[in-house]
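**Q** sequence and predicted structure are below.
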Amino acid sequence: MIKAKVKIQKKIFVSQESGFGVFKVSVQGKQQGLVIVGNLFDVNEGDFLEIEGELTRHPRFGEQVKISQFEFILPQDSDGIIRYLSSGRIKGLGKITAEKIYEHFGSQILDILENDPDRLREIKGMKKTIIDEIKKNVKGSRVIRELTVKLSPFGIGNETIFKLHKEFGDNALHILENDPYITIEKIRGIGFKTADTIARAYGIPIDDPNRLIAGIDFLLDQFEQRNGDLYVEEELLLERSASMLAVDVEKIQTAVQLKLKRNELVTELIPEKVLLSFKNFILENSIARKLYELSDGSMHGPEVTVDLQFLRQRLALTLTTEQEEAVKSAVSNHLTIVTGGPGTGKTTIIRAIIEVLLDNKKNVLIAAPTGRAAKRIEETAGYSASTIHRMLKVNPETRTFVHNEQNPLQADTIIIDESSMIDSFVFYSLLTALDKRAQLIIIGDKDQLPSVGPGNILRDIIQSGYFNTIYLSRNFRQNEDSLIIDNAYRINNGEPLAIQPYSEDLDFVVLRVQNEEQALQKVLRILEYLKNDFSFNSQDLQILIPMYRGEAGIDNVNHLIQEQFNPGGFLIKKEKTAFKIHDKVMQLRNNYEKEIFNGEQGIVETYDDEEKLLSINFDGYFVEYHTEEIDELTISYAMSVHKSQGSEYDTVILVLLPSHSIMLNREIFYTAVTRAKRKIYLISDDQTIQRAILNSSPRQRKTLLPLRLHQIFEGDDSE
């Protein structure tokens, strides 16, 4: 272990994201200098530090001291003081001003700045605005410095430290010392693990009540976001919480009781005891009541005349008997669900429904969960559509929807396509924004994967049996030549694929491989083969892979495509994220301020190095991201099947390998295949394909909506 007082002589390297730095230093009392490395954020040339660390040998760079902790020592010599003052950490203080201040106060200046900055008025020509700015920044700099010294040894980087100071200002030290877990709800990007690390830095005990409550909330959120569950068994939550937080179950029980007392949690017997957040309790109860009101038999159905001859002659729409009945039923009820697989004519039905309603002078709004799904409605049905989020309009300040119960949507009928993607919160928001007399038509494929967000809305409302539901069957005559549609139904029915010898016009191509390396090379060769038809970043060509890890996983495939097909220099790099111009990227979470939502894809257009702004083109909607926000984006030449929901692509490259076994099932395979409109290349092997088809395990998400619907429809509304 080395302990020493050092002066920073030269900056060799600093990562602005992680705070990791490499510096050459002189050592007090010794002629020979050292190289120090570690989390050394806010360290500048000329600074004096008291360091503690271990001497290590880097195979390339030689001896280095790996810093375990350090403290700033205020410089004593004139050169050090002037360099410290003009280092940039105090805004408004350049070198000339720093020299003028030092000339007046000498070595006392640092003490004066910390304790009596108003004395700067003694200096002739110093403006009050500059003095005020210096005072403000001296205090802020001290807080940031103290946060850095306290948190950087625990791996907390400068970006998080800046966020903490920006949110809490000069109170940051006091707040973090007392309840660092408040940062989870206050600061975007800080989760339980980061807050827990901050708590460890401040010596907060592991059984602190705030820690236990934050840990329970974290686990509930994990069940919700990872599994789509809206409740969790009490025994499981207690067990997982105690294990993760390393405390006795009794302490977790006490914390749960406190949350129940505060109405933050609700218990239910179904018949085992389960726990759910109060938010989810309100959500599912409200959804059930709104659906009941929509389908209430006492309400008269919309007065609509269906002119089938008008559809046939003027619009050249040829409907099957089944489709005609579906249209009549949909326009005559306040709530209708239309479900069917590929090739059942859902798009034709959407167009027919719209035409009938418009012919009856009805005001119609059409929406889908994603931008691509809305765009597809516009392209195929010929009518303006939007995402549900944009239809409801977001207030970026409150992160709530503008259209709600007090400000309903002005429409007679609302049509929602790709409804298997709708999660509980979005569905609740949609129902809340409906006018009391409005009609709702929900269209989707019940056999696709459930929504990325929590809940299982489409399946729950269909399986309840309480609502007007139209089941469409496959139209063999219209799609008899499509192997994509044929194989989608075969997969869904657990039957072997229909595979034909390769030909140019074959729409379902199977390419057999034996390992991940072969699969990776196949992907790259297909991209090369298709380069005359699609650009490497085309929104009409998509690679789908079930898993992120591995040689042929999403991450590595994206990296190699970026490297080989987009060879220009990087515009911006941040830890694991690196973007080039023309990269295809995807939004990873809902951003209400920017009105861009989880799963939307765009193309990198420009980067303003001075303003640190990255511009992304989302189908003609340009959005700017500051450097601190780019972790909301990821490269998306390849993406997961879940993320592709609601989108259709002209051509899909699907990779299914034995290493994906944990994700191989019929539902994922079916959803992936039905993303392709014109052609799909399946890279796999016979055994893996068979395993995926035979493994039908639609995960029953833990939702209470079926129970709530039963309670309200059967008169057992005990809540």
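**A** Good, I have the coordinates.

**Q** longest helix of this protein?
**A** Ranked by residue count, the top helix of the chain under DSSP state H comes out as helix 128-151.

**Q** give me the next element, helix or strand, following it.
**A** helix 158-168 (DSSP states H and E).

**Q** list the buried residues for the helix or strand that comes right after that next one?
**A** Sequence order places helix 172-178 as the next helix or strand after helix 158-168, per DSSP H and E. Residues of helix 172-178 classed as buried: Ala172, Leu173, Ile175, Leu176 (neighbour count, 16 or more other C-beta atoms under 10 Å). (Glycine included, C-beta is placed from N, CA and C.)

**Q** first-to-last residue distance for stretch 437-449?
**A** 32 Å (C-alpha to C-alpha, to the nearest Å).

**Q** try stretch 186-203
**A** Stretch 186-203 end-to-end distance (C-alpha to C-alpha) = 21 Å.

**Q** and that stretch, what's buried?
**A** Using 16+ other C-beta under 10 Å as the burial criterion, the residues of stretch 186-203 that qualify are Ile187, Ile190, Phe192, Thr194, Ala195, Asp196, Thr197, Ile198, Ala199, Ala201.

**Q** give the rounded mean pLDDT of it.
**A** For stretch 186-203, the mean pLDDT works out to 88.

**Q** could you do stretch 704-711 as well?
**A** For stretch 704-711, mean pLDDT is 95.

**Q** what sits up against that stretch?
**A** 230-231, 268, 270, 276, 284-285, 287-288, 291-292, 424, 455-457, 460-461, 463-464, 466, 716-719 (C-beta atoms under 8 Å, 6 or more residues apart in numbering).

**Q** could I have that stretch exported to CSV, CA atoms only?
**A** Written as CSV, here are the backbone C-alpha positions of stretch 704-711 (Å, rounded to 0.1, in the frame of the first residue of the first chain):
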residue,chain,number,x,y,z
LEU,A,704,-55.8,-9.7,-11.8
LEU,A,705,-57.8,-8.3,-14.7
PRO,A,706,-59.7,-11.6,-15.2
LEU,A,707,-60.6,-11.6,-11.5
ARG,A,708,-61.7,-7.9,-11.7
LEU,A,709,-63.8,-8.6,-14.8
HIS,A,710,-65.5,-11.6,-13.1
GLN,A,711,-66.2,-9.6,-10.0
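
**Q** list the buried residues for that stretch?
**A** Leu704, Leu705, Pro706, Leu707, Arg708, Leu709, His710, Gln711.

**Q** how far does that stretch sit from its chain's centre?
**A** 29 Å (C-alpha atoms, centre = their mean, to the nearest Å).

**Q** just the helices in the stretch 351-500 of the chain please.
**A** 371-381, 388-392, 424-432, 457-464, 483-492 (DSSP state H, counting those that start in this stretch).

**Q** present these as TSV; the columns should include mean neighbour count, distance to Asp417 and mean pLDDT.
**A** Shown next, in TSV, are the helices of the stretch 351-500 of the chain (neighbours: other C-beta atoms under 10 Å; distance: least, C-beta to C-beta, whole Å; pLDDT from 0 to 100):
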stretch	mean neighbour count	distance to Asp417	mean pLDDT
helix 371-381	20	6	84
helix 388-392	21	10	93
helix 424-432	21	13	95
helix 457-464	22	12	94
helix 483-492	22	18	94
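
**Q** turn the ones you listed into TSV, columns for distance to Ile668.
**A** Below are the helices of the stretch 351-500 of the chain laid out as TSV (distance: least, C-beta to C-beta, whole Å):
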stretch	distance to Ile668
helix 371-381	19
helix 388-392	24
helix 424-432	22
helix 457-464	16
helix 483-492	10
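
**Q** for those helices, which one sits closest to Leu365?
**A** Checking these against Leu365 by C-beta to C-beta gives helix 388-392 as the closest, at 6.1 Å.

**Q** how close does the residue nearest to the spatial centre of the chain get to Val331?
**A** The centroid of the chain falls nearest to Arg589 when counting by C-alpha atoms, centre = their mean (2.5 Å). Arg589 sits 37 Å away from Val331, going by C-beta to C-beta, to the nearest Å.

**Q** where does pLDDT dip in the stretch 451-600 of the chain?
**A** 476-480, 575 (pLDDT under 70).

**Q** buried subset of the contacts of stretch 704-711, written for ChimeraX?
**A** Listed next is the ChimeraX selection for buried residues among these, using 16+ other C-beta under 10 Å:
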select :230,231,268,276,284,285,287,288,291,292,424,455,456,457,460,461,464,466
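
**Q** now, which of the contacts of stretch 704-711 lie within strands?
**A** If you go by DSSP state E, the contacts of stretch 704-711 have Glu268, Leu276 in strands.

**Q** before we move on, the earlier item: list just the nearest of the buried residues of stretch 186-203 to Asp445.
**A** Phe192 (35.8 Å).

**Q** that closest one: what's it in contact with?
**A** Shown in contact with Phe192 (C-beta under 8 Å, 6+ apart): Tyr181, Ile184, Ala214, Gly215, Asp217, Phe218.

**Q** circling back: among the buried residues of stretch 186-203, which two are most distant?
**A** Ile187 and Ala201 (16.0 Å).

**Q** take the contacts of Phe192 and keep only those in strands.
**A** Per DSSP E, those never map to strands.

**Q** and these, which are buried?
**A** With neighbours counted by 16+ other C-beta under 10 Å, the contacts of Phe192 contain buried members at Tyr181, Ile184, Ala214, Gly215, Asp217, Phe218.

**Q** so how far is stretch 134-154 from its chain's centroid?
**A** With C-alpha atoms, centre = their mean as the basis, stretch 134-154 stands 31 Å off its chain's centre.

**Q** in CSV: the buried residues of stretch 704-711, plus distance to Asn280 and secondary structure.
**A** Compiled in CSV, the buried residues of stretch 704-711 are given as follows (distance: C-beta to C-beta, whole Å; DSSP: H, G, I helix; E, B strand; the rest coil):
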residue, distance to Asn280, secondary structure
Leu704, 8, coil
Leu705, 10, helix
Pro706, 14, helix
Leu707, 13, helix
Arg708, 11, helix
Leu709, 15, helix
His710, 18, helix
Gln711, 16, helix
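
**Q** out of those residues, who's nearest Gln539?
**A** Leu705 (34.3 Å).

**Q** list the buried residues for stretch 250-259?
**A** Neighbour counts over stretch 250-259 (16+ other C-beta under 10 Å) mark Lys251, Ile252, Ala255, Val256, Lys259 as buried.

**Q** so which of the residues you listed belong to helices?
**A** Per DSSP H, helices hold the following members of the buried residues of stretch 250-259: Lys251, Ile252, Ala255, Val256, Lys259.

**Q** all helices for the stretch 201-350 of the chain, in order.
**A** 209-227, 234-245, 249-261, 278-295, 308-313, 321-331, 346-359.

**Q** now tell me which of those helices the model trusts least on average.
**A** Among the helices of the stretch 201-350 of the chain, helix 308-313 scores lowest, at a mean of 78.

**Q** okay if I get the buried residues of stretch 250-259 as JSON lines plus distance to Arg512?
**A** Putting these into JSON lines (distance: C-beta to C-beta, whole Å) gives the following:
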{"residue": "Lys251", "distance to Arg512": "55"}
{"residue": "Ile252", "distance to Arg512": "51"}
{"residue": "Ala255", "distance to Arg512": "54"}
{"residue": "Val256", "distance to Arg512": "52"}
{"residue": "Lys259", "distance to Arg512": "54"}
